[in-house]
Structure formats: C-alpha cells, structure tokens
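Student: okay, sequence plus prediction incoming.
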Amino acid sequence: MDVRQHDLRAWGATALLLLVAGLSACRGDKSPPAGESRPRGAATATATVAAAPGETAIKAKPPAVPNAAEAKKYAGAKLKYYSEPVGVGAELDRVMVQQFQKDTGIEVTIIPRPKDATETYSVYQRLFQAQSGDVDVLMLDVIWPGAFAQNLVDLSEKLGEAAKQHVESIVQNNTIDGKLVAMPWFTDFGLLYYRTDLLQKYGYSKPPETWDELEQMAKKIQDGERAANPNFIGFVWQGKAYEGLTCNALEWIASHGGGAIIEDGKITVNNPGAQKALARARGWIGSISPAGVTSYEEEDARNTFQGGNAAFMRNWPYAYAAGNADKSPIKGKLAAAPLPHEPGQKSAGTIGGWQLAVSKFSPQKDAAIELVRYLTSPEGQKFRATAGSFIPTIRSVQQDPEVVKSMPFLASAKDIALVARPSNRTGARYNEASIAFFQGASQVLQGKEPKQVLGQVEQRLTRALR
Ligand code: GLC
C-alpha cells in the first residue's frame, strides 16, 4: 500500500466519523432570538488581534467563479459579508471576494465578524432584531441554525442540488422545518498540537495519550526551555469565558468519562468525571499554562504556540496550515494529535464548523446566494482546505489527494470521540445554555469548588430547557 492509499483510507475513516457523529443537529424552535427589543444599527467591525509570527499572504490563486455566468446577472449589486475576522481565514476571504468581484461585477464589502463566537451571536441578534438590511451574507456557527432560522433565506431552491454533495449530517443540521437555512462551509474538531522537535529533544517518541502524561511532558519541556526562553510555557488553550471555553471544557469532561452536558434530554453536567476534569484544568493555570490563559481565545493560543513559546496547544484544524506557513518560526516542527484522555476513556474532540447564510432582510438576496455558492463550491472548499487547512464539507473534496496530503493529522481522527454541543436539544436557547456552562467552567478556573458550581450550572440549564 503506498502512502497516498494509506492516507486516503485513514481519511475514509474520518469522513465516516464525521458522518456518523450526526453532528449537532440543531433543530430549533420557532421563537425569535431573545435579545434587546430596541432596534440597533449595524454592528461595527471589531479590532483584530496582532498577526501571529510568520503570517504571510496567501500564495495560491483563488479559483475562478464557476457560477460567474449566472452571477453576472446581478452585476452592480452591493453586498455586505460578515466574514472570517482574523488570520489565514480572513486572508482567504479577502482573495476570494476579490476574485468574485472581478468575475461577476458584484461588489462585496467585507465586515469581519467579532472573532469571539459568543460576541458574534449578539451582533447577529441585534441585526436581526432591527430587521437590518446591512448584512447580506453571514458566517453561521454549527450551533446556530436553530436559533437564527427564521431570519434566514431558504436556500434549497437555488442551492439544494449543490447541498447534495455535502456531508449529510451537516446539511441536516442546517435544515430547519424543511428549509435549508445555511450552506455547509467547513467543519472543525479540537486537536492537540505539539512541537515535534521539542518532544524529540526531551526524549519523547510520541505525543501524550493521557492528561497525566501531558502534564508531565509539558512540565519537563517548560522547565528545560525556560533557561533560554523565560516566556516559554507548557500548554495553551482557550480559557476565556466564551463559546471557546464551552468547547474546551466539553472535551476535558468527555475525556474524563463525564459525558456531554446534556444527554438524551437529561442534564448530566454535575458528575464526578466532570468535577475531576474541571479541577484538573484549574490546576494547569500558573503551572503548565499561563495565568493569562483565562482570557485566551483561539488566536491568543496560536500566537503563543506559533511564536515558539509553547510545547502544546489545544486548537482547531486551521492552526495547522498557519503554523506551517513559510515564515512561521515553527514551520515543519508541529504536528496535531487527538487530545489526551483519562486512562480507560477516549480522546474527545468538540465538533465545530461554520456555514454561510443569507439574511431574510437582505435587499440583494439573489446576488448574496451567488457569493455563498462560490465560497462553498468544491473549488472554493479545495482552495480553503489546501491553503488554510479548513476541513471541507463536500465528500469528494474531502477525498481529493491534495486535500488529504495537506491535512496529515486527519489520519489520527479515527481515535477521537467527536462530541456535539447540545444545540439540537436546546434549539433557540442554545446560547443561554452555553453561557451557563462556560460561566460555570470559568468560575472553577478562578478557584471555585467544581461540585458546587456544577450544581448551579445544572439549575440554570434546567431553567433554559424548560
Ligand atoms: C470554532 C468552531 C466553532 C466554535 C468556536 C468557538 O470557530 O468552528 O464551532 O463555536 O470555534 O470558539
């Protein structure tokens, strides 16, 4: 069996996993998103964090617009697109939008969404509440179709045929009351990144499998590296009180045998595995993780790791291509593996990912749909996969040999239990449930007793599910 065959087989297992996982089927109810009743204007673009070391412009050329003939009918239309806010994703959006403008004559203004998903949710809530025409196309997190469905255009007539090429469970996730409210764009799951050169230097032949091993290895490497680099730290992750902490904490808890917060309609969050998992994470702060990790988002962790200042990092697949960019200080020195687990448990990876949707209040719906068609096309997804390691949602693109080659970490995905956030069960109230959960996790990280805090989270979730 040659290498490519091997990779393809491994990827086959991954695709299957993604399929079987059922993802977070997010059938929401029809109630409007909760929020302020006072209409507000359009959101303003938020500031972005500093670029990570070695951030380079995308070298590859974006694909020509396959649907240009149809899209040209709407030449002259002006669109506003709530896009990727930072890093390689933002760069890919920029070059693809330029190509789209050139090929179609449709003008697109890019508005970077807040990089924090929880803040993005609030911005969208305000825009929809105001029935604002200031957004046409928007990025939608995998947990939100249920919450925002009633504000989104049913894409099935124009994009239903194209949607058949995508992983079915994600299409189902984005189909609310028979309407395709968002087109799958890329999928995500949590990974453990590590420095291959440092593992070798300190005598480790493979990445850690258990959390105890991670702690020991991170400590040893940190102690050794600090002689030359006082800023060096063992392990970075996302500890700020926001959606990213929900994803991290869910992985810790699931990999300690503590379940997935809500299971079969039952709130299971307060259990010994969950308590142990959160207490463990609390113990990292100020030892193998920086005190400031409680304000870290994805890009803060990536800046530290990509700058050569951390041995391990929890992050999403996009960090792989970014870390291997030409001028990255750690180019060729990183790999990604399943996150650690307790002995006898499985590695967990929270399922993430983003869709593209069109606002019901857009004055330019047809032009907006053509932008979505282009960005989510097989050509578009292949470009984003090979240039930015964003995992495609189109089955044939997932199996494309160039795509497979650009994401070697996918081979290990068969060992990961993919965990969905409970957006299926909570529907439009997912955000409220997630806030209760990440605020609880955050309190434990700040030193509160896990059992007591999880008891309070349980009560808040009970109210949210009522
Ligand atoms: C990533 C995931 C998304 C998740 C977010 C949390 O963007 O794709 O699903 O909600 O991270 O920070």
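Tutor: Looks like it came in fine.
Student: what residues of the helix or strand hosting E161 count as buried?
Tutor: In this structure, E161 is located in helix 156-163 according to DSSP states H and E. Across helix 156-163, burial judged by 16 or more other Cβ atoms under 10 Å covers 158-159, 162-163. C-beta coordinates here come from the backbone N, C-alpha and C atoms, glycine included.
Student: what residues are up against D366?
Tutor: Neighbouring residues of D366 by Cβ atoms under 8 Å, 6 or more residues apart in numbering: 73-74, 77, 158.
Student: quick one on the thing from earlier: okay, the buried residues of helix 156-163 in a markdown table with distance to the ligand next?
Tutor: Below are these laid out as a markdown table (distance: Cβ to the nearest ligand atom, whole Å):
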| residue | distance to the ligand |
| --- | --- |
| K158 | 25 |
| L159 | 21 |
| A162 | 21 |
| A163 | 19 |
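Student: dump those to JSON lines, plus pLDDT and distance to I288.
Tutor: Putting the buried residues of helix 156-163 into JSON lines (pLDDT from 0 to 100; distance: Cβ to Cβ, whole Å) gives the following:
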{"residue": "K158", "pLDDT": "98", "distance to I288": "50"}
{"residue": "L159", "pLDDT": "98", "distance to I288": "46"}
{"residue": "A162", "pLDDT": "98", "distance to I288": "45"}
{"residue": "A163", "pLDDT": "98", "distance to I288": "44"}
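Student: quick one: contacts for the residue of the chain found nearest the ligand?
Tutor: Proximity to the ligand, evaluated over the chain using Cβ to the nearest ligand atom, is greatest for G352 at 2.7 Å. Counting by Cβ under 8 Å, 6+ apart, G352 touches 141-142, 187-190, 247, 316.
Student: go ahead and build a ChimeraX selection from the buried members of those.
Tutor: Buried residues among the contacts of G352 (16+ other Cβ under 10 Å), as a ChimeraX selection:
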select :141,142,187,188,189,190,247,316
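Student: narrow the contacts of G352 to those in strands?
Tutor: Among the contacts of G352, DSSP state E puts 141, 187-189 in strands.
Student: ok, and of those, which contact the ligand?
Tutor: Counting by Cβ under 6 Å from any ligand atom, 141, 188 from the ones in strands among the contacts of G352 sit close to the ligand.
Student: before we move on, the earlier item: which parts of whichever helix or strand comes after the helix holding E161 are buried?
Tutor: Once the chain leaves helix 156-163, the next helix or strand it forms, by DSSP H and E, is helix 168-173. Using 16+ other Cβ under 10 Å as the burial criterion, the residues of helix 168-173 that qualify are 169-173.
Student: dihedrals phi and psi, the closest residue to H341 other than its chain neighbours?
Tutor: Closest residue to H341 apart from its sequence neighbours, by Cβ to Cβ, 6 or more residues apart in numbering: S255 at 3.9 Å. In terms of degrees, to the nearest 10, the main-chain angles of S255 are phi -80, psi 0.
Student: can you pull the contacts of S255?
Tutor: Contacts for S255 (Cβ under 8 Å, 6+ apart) come out as 211, 277, 339-342, 345-348, 417.
Student: go again with 7 Å.
Tutor: Each residue near S255 by Cβ atoms under 7 Å, 6 or more residues apart in numbering is listed here: 339-342, 345-348.
Student: what do you get for Y318?
Tutor: By Cβ under 7 Å, 6+ apart, the contact list for Y318 reads 88-89, 388-390.
Student: which of these fall in helices?
Tutor: If you go by DSSP state H, those have 88-89, 388 in helices.
Student: which single one of the contacts of S255 is nearest to K220?
Tutor: Distance to K220 across the contacts of S255 (Cβ to Cβ) is lowest for P340, with 15.4 Å.
Student: quick check, that closest one in contact with K206.
Tutor: No - if you go by Cβ atoms under 7 Å, P340 and K206 don't touch, sitting 11.8 Å apart.
Student: excluding its backbone neighbours, what's nearest P112?
Tutor: Spatially, and ignoring its direct neighbours in sequence, P112 is nearest to P85 (3.9 Å; Cβ to Cβ, 6+ apart).
Student: which of P340 and K206 has more residues huddled nearby?
Tutor: A side-by-side neighbour count of P340 and K206, using other Cβ atoms under 10 Å, places P340 first with 24 against 10.
Student: how close does the more buried one get to W237?
Tutor: According to Cβ to Cβ, to the nearest Å, P340 stands 12 Å off from W237.
Student: before we move on, back to that, most neighbours among the contacts of S255, which one?
Tutor: L339 (29 neighbours).
Student: list the residues that contact that one.
Tutor: Neighbouring residues of L339 by Cβ under 7 Å, 6+ apart: 190-192, 251, 255, 314, 347-349.
Student: that one - that's part of a helix, no?
Tutor: No - applying DSSP: H, G, I helix; E, B strand; the rest coil, one finds L339 to be coil, outside a helix.
Student: how about it, nearest residue that isn't a chain neighbour?
Tutor: Counting by Cβ to Cβ, 6+ apart, L339 lies nearest to L192, which is 4.6 Å off, once chain neighbours are set aside.
Student: residues in contact with the helix or strand containing that neighbour?
Tutor: Assessed by DSSP H and E, L192 sits inside strand 191-195. Strand 191-195 is contacted from outside by 207, 305, 311-315, 317, 319, 330, 333-340, 349, 409, using Cβ under 7 Å, 6+ apart.
Student: identify the residue spatially nearest to W284, adjacent ones excluded.
Tutor: The shortest distance from W284 to any non-neighbouring residue, by Cβ to Cβ, 6+ apart, is to F235 (6.2 Å).
Student: what are the buried residues along stretch 325-332?
Tutor: For stretch 325-332, burial by neighbour count (16+ other Cβ under 10 Å) applies to 325, 328, 330.
Student: could you list which of those residues belong to helices?
Tutor: Among the buried residues of stretch 325-332, no member lies in helices (by DSSP H).
Student: how about the residues you listed in JSON lines, adding pLDDT and distance to the ligand?
Tutor: Below are those laid out as JSON lines (pLDDT from 0 to 100; distance: Cβ to the nearest ligand atom, whole Å):
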{"residue": "A325", "pLDDT": "94", "distance to the ligand": "19"}
{"residue": "S328", "pLDDT": "96", "distance to the ligand": "20"}
{"residue": "I330", "pLDDT": "98", "distance to the ligand": "21"}
